[in-house]
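In: sequence plus the predicted model coming up.
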Amino acid sequence: MGVAALGRAGRLNESDVATLARVVSAVLFLARAASVDEIPRDIRDQPAVVLPR
């Protein structure tokens with residue numbers, strides 16, 4: 001489920017959606033600086049830490 005979909009589903013409020021979108025953007029930005037082998041793991045693991053369960 002994407003960040004915007006979490007808001008539409010009522011699982012996050014508007015402020016949390018915006019914050020989570022910035023976190024995901026930061027993860028993707030940092031992943032671009034990582035080695036090629038680390039990128040898929042970082043994209044999968046880092047957002048999982050902050051996403052609501």
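Out: Perfect, thanks for sending it.
In: what helix or strand does the residue most central in space within the chain sit in?
Out: Centroid-nearest residue in the chain, with C-alpha atoms, centre = their mean: residue 24, separated by 3.1 Å. In the assignment (DSSP states H and E), residue 24 maps to helix 14-33.
In: from residue 46, how far off is the spatially closest residue to residue 32 that is not a sequence neighbour?
Out: Closest residue to residue 32 apart from its sequence neighbours, by C-beta to C-beta, 6 or more residues apart in numbering: residue 39 at 7.8 Å. C-beta here means a position set from N, CA and C on the backbone, and glycine is covered the same way. Residue 39 sits 11 Å away from residue 46, going by C-beta to C-beta, to the nearest Å.
In: which secondary structure elements does the helix or strand of the chain with the lowest mean pLDDT sit against?
Out: Every helix and strand in the chain was compared by mean pLDDT, DSSP states H and E; the lowest is helix 39-50, with a mean of 76. The helices and strands touching helix 39-50, judged by 3 or more C-beta pairs under 8 Å, 6 or more residues apart in numbering; DSSP states H and E, are helix 14-33.
In: list of residues touching the helix it packs on?
Out: 3-4, 6-7, 12, 38-39, 42-43, 46-47, 50-51 (C-beta atoms under 8 Å, 6 or more residues apart in numbering).
In: same deal with stretch 39-48?
Out: Residues contacting stretch 39-48 (C-beta under 8 Å, 6+ apart): 23-24, 27-28, 30-32, 34.
In: burial measure for residue 47, as a count.
Out: As a burial measure, the neighbour count of residue 47 was computed by other C-beta atoms under 10 Å and equals 16.
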